[in-house]
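Enquirer: Fold the following.
(2 chains)
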There are 2 protein chains.
Amino acid sequence: MARLRVHSFSVSLDGFGAAPDQSRDDPLGVGGLRLHEWAFATERFREEYGGDGTGTGVDDRILREADENIGATVMGRNMFGPVRGPWPADDDWRGWWGEDPPYHHDVFVLTHHARPPLAMVGGTTFHFVTDGLDAAVARAFDAADGRDVRLGGGVSTVQDALRRGLVDELNLAVVPVLLGAGERLFDDGVPEPVGYRCTRLLASEAVVHVRMERIAQAADDGTVPPPG
Amino acid sequence: MARLRVHSFSVSLDGFGAAPDQSRDDPLGVGGLRLHEWAFATERFREEYGGDGTGTGVDDRILREADENIGATVMGRNMFGPVRGPWPADDDWRGWWGEDPPYHHDVFVLTHHARPPLAMVGGTTFHFVTDGLDAAVARAFDAADGRDVRLGGGVSTVQDALRRGLVDELNLAVVPVLLGAGERLFDDGVPEPVGYRCTRLLASEAVVHVRMERIAQAADDGTVPPPG
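Expert: Numbering: from 1, shown residues only, chains lettered A, B, ... in the order given. I've put the predicted structure just below:
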């Protein structure tokens, strides 16, 4: 069965998925780039996004896994771009990734503001979904046609999906830095704790890759049967 | 120079150092034992505390390191025992560890309630310190006579020490479970984030050992110079 997967989602040792004081200049918050240096250092990152990464070890392999058997992507609006509120009439923002984004499939962007789909070079089409996360995920599974769907960030999008019990596989990169403040991924009660177990634990020199998989589906009343 | 060290302090993936609903029956909170199963499974734990641990791998080695060059220990009262409030007149509580505790040095227990020192078999003496953490740490360094001091739990004791900038080395065991609630080790602003950097990252099959070392002393006004 097709699964909803979060990959290489970086959190600091003190639990923050984004640093404080996010802005157009600092979309990850002030100091937030420290959460992603491990990825920048990989060959995979350079292939997809540029930079000068050459690493081909554990971190590179983990980044490559993130794209395997993925047929569509869902992301929050802030991951698509820095624009807030209604789209400007003369808007020419087409994502952070240039004309040939590294998705090559349908990408569903959560927004409160309708906008026509944006077909890019290389097979990526951005669809703007105004009726919420459940609808975006459903459309993404349709588009993925049997393959899995990747859920991108940011923090609030992943939290929302965890609260709704939508995430089948949560792959985190725990980065051993202390940010002191920011957006916490695991606020109290996110997610139902007994619903997940660790199925892989792997440290590189820079970061720890933790795979949590859902082992139980929450019942309609929100309860989750105990594991085993 | 002698250092204040925290060792093998377990925190869940979602950041909790103790589970919710702590009580005499569940001193680590309901479900809190899951944070320590990795330790129970080691030979070192069995030697010191009993049980049936046989593991001699990474986790065992890390536990053994925790005792190296330690000359005294400081711990919160709840780590000494379940008694709350004034010590009962007929109190016969002598710690969780039997007549020969695994310390073999002076142990300074933080409490609001005075009590004479308790000399045990094997060189351990429990001292009850009523004038706060700074005083306890100072007395422990005196007693350690040039060796390091180990700071035990619980969560609030470690937080307090981090806030006061007393911790030189913070060795955490990140346990890949989600507790959903409990006592968070890293509340916002604990500790001054730029004051620490990771100097070792090591995963066993069960847990990730993260060593954070203080790289800068906070100035009197609370600011910390940038690393490097």
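Enquirer: all strands of chain A, in order?
Expert: Along chain A, counting by DSSP state E, strands occupy A:4-12, A:16-18, A:70-75, A:106-110, A:118-119, A:125-129, A:148-151, A:169-175, A:183-184, A:196-203, A:208-214.
Enquirer: Mind exporting the C-alpha coordinates of the fourth one to CSV?
Expert: Coordinates of each C-alpha in strand A:106-110 appear next as CSV, following Å, rounded to 0.1, in the frame of the first residue of the first chain:
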residue,chain,number,x,y,z
ASP,A,106,3.2,16.6,-9.2
VAL,A,107,3.8,18.7,-6.1
PHE,A,108,0.9,19.8,-4.0
VAL,A,109,1.4,23.1,-2.2
LEU,A,110,-0.8,24.0,0.8
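Enquirer: And the most centrally placed residue in chain A, its phi and psi?
Expert: Nearest to the mean C-alpha position of chain A, by C-alpha atoms, centre = their mean, lies residue A:152 at 2.1 Å. Reported as degrees, to the nearest 10, the phi and psi values for residue A:152 are phi -90, psi -170.
Enquirer: Which residue is the nearest non-sequential neighbour of it?
Expert: Leaving aside its chain neighbours, residue A:152 sits nearest to residue A:75 (3.6 Å; criterion: C-beta to C-beta, 6 or more residues apart in numbering or on different chains). Where C-beta positions appear, they are placed from N, C-alpha and C, glycine not excepted.
Enquirer: Repeat that for residue A:36.
Expert: residue A:10 (5.8 Å).
Enquirer: Show me which helix runs longest in chain A.
Expert: For chain A, the helix that runs over the most residues, judged by DSSP state H, is helix A:133-144.
Enquirer: Could you list the buried residues of it?
Expert: Using 16 or more other C-beta atoms under 10 Å in any protein chain shown as the test for burial, helix A:133-144 gives A:133, A:136-141, A:143-144.
Enquirer: what mean pLDDT does that helix have?
Expert: Mean pLDDT, helix A:133-144: 98.
Enquirer: Can you show me the CA trace of that helix as CSV?
Expert: Extracted C-alpha coordinates of helix A:133-144, given in CSV (Å, rounded to 0.1, in the frame of the first residue of the first chain):
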residue,chain,number,x,y,z
LEU,A,133,-3.9,18.8,4.1
ASP,A,134,-6.3,15.8,3.9
ALA,A,135,-7.3,16.9,0.4
ALA,A,136,-3.8,17.6,-0.7
VAL,A,137,-2.6,14.2,0.5
ALA,A,138,-5.6,12.5,-1.2
ARG,A,139,-4.8,14.3,-4.5
ALA,A,140,-1.1,13.4,-4.1
PHE,A,141,-1.9,9.7,-3.7
ASP,A,142,-4.0,9.8,-6.8
ALA,A,143,-1.3,11.5,-8.8
ALA,A,144,1.4,9.1,-7.4
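Enquirer: Chain B contacts on chain A?
Expert: A:13-15, A:172, A:174, A:176-181, A:184, A:186, A:188-193, A:196-198, A:201-208, A:210, A:212 (C-beta under 8 Å from any C-beta of the partner chain).
Enquirer: Show me the shaky parts of chain A.
Expert: A:188-194, A:216-228 (pLDDT under 70).
Enquirer: change it to 80
Expert: Residue ranges of chain A with pLDDT under 80: A:22-25, A:27, A:90-91, A:188-194, A:216-228.
Enquirer: Between the strands of chain A, which one is closest to residue B:56.
Expert: Nearest to residue B:56 among the strands of chain A is strand A:196-203 (19.1 Å), distances taken as C-beta to C-beta.
Enquirer: what about that closest one, distance to the chain center?
Expert: Remark: strand A:196-203 is offset 18 Å from the chain centroid, using C-alpha atoms, centre = their mean, to the nearest Å.
Enquirer: relative to strand B:208-214, how tilted is that strand?
Expert: 60 degrees (axes from the mean of the first three to the mean of the last three C-alpha atoms, to 10 degrees).
Enquirer: For strand A:196-203, name the packing helices and strands.
Expert: Using 3 or more C-beta pairs under 8 Å, 6 or more residues apart in numbering or on different chains; DSSP states H and E as the contact test, the elements touching strand A:196-203 are helix A:58-65, strand A:208-214, strand B:196-203.
Enquirer: Pairing partners for the second one, with directions?
Expert: For strand A:208-214, sheet partners with direction are given as strand A:169-175 (antiparallel), strand A:196-203 (antiparallel), following DSSP bridges.
Enquirer: among the ones you listed, which is the most enclosed?
Expert: Greatest average neighbour count among those goes to strand A:169-175 (a mean of 22), per mean count of other C-beta atoms under 10 Å in any protein chain shown.
Enquirer: any idea how far that strand is from the chain center?
Expert: Distance, centroid of strand A:169-175 to centroid of chain: 10 Å (C-alpha atoms, centre = their mean).
Enquirer: Enumerate residues external to that strand that contact any of its residues.
Expert: Strand A:169-175 is contacted from outside by A:3-13, A:34-35, A:38-39, A:62, A:65-66, A:158, A:162, A:185, A:196, A:206-214, B:13, B:174, B:208, using C-beta atoms under 8 Å, 6 or more residues apart in numbering or on different chains.
Enquirer: rerun at 7 Å
Expert: Strand A:169-175 is touched from outside by A:3, A:5-13, A:35, A:38, A:196, A:207-213, B:174, with contacts defined as C-beta atoms under 7 Å, 6 or more residues apart in numbering or on different chains.
Enquirer: Just want the angle from that strand to strand A:4-12.
Expert: Angle between the axes of strand A:169-175 and strand A:4-12 is 10 degrees (criterion: the same axes, to 10 degrees).
Enquirer: what's the span of stretch A:88-96, first residue to last?
Expert: Distance across stretch A:88-96, first residue to last, is 17 Å (C-alpha to C-alpha, to the nearest Å).
Enquirer: Which residues belonging to it are considered buried?
Expert: The neighbour-count check on stretch A:88-96 (16+ other C-beta under 10 Å) flags residue A:95 as buried.
Enquirer: Show me how far that stretch is from its chain's centre.
Expert: Counting by C-alpha atoms, centre = their mean, stretch A:88-96 is centred 22 Å from the centre of its parent chain.
Enquirer: The longest helix of chain A packs against which elements?
Expert: Taking 3 or more C-beta pairs under 7 Å, 6 or more residues apart in numbering or on different chains; DSSP states H and E as contact, the helices and strands that helix A:133-144 lies on are strand A:70-75, strand A:106-110, strand A:125-129, strand A:148-151.
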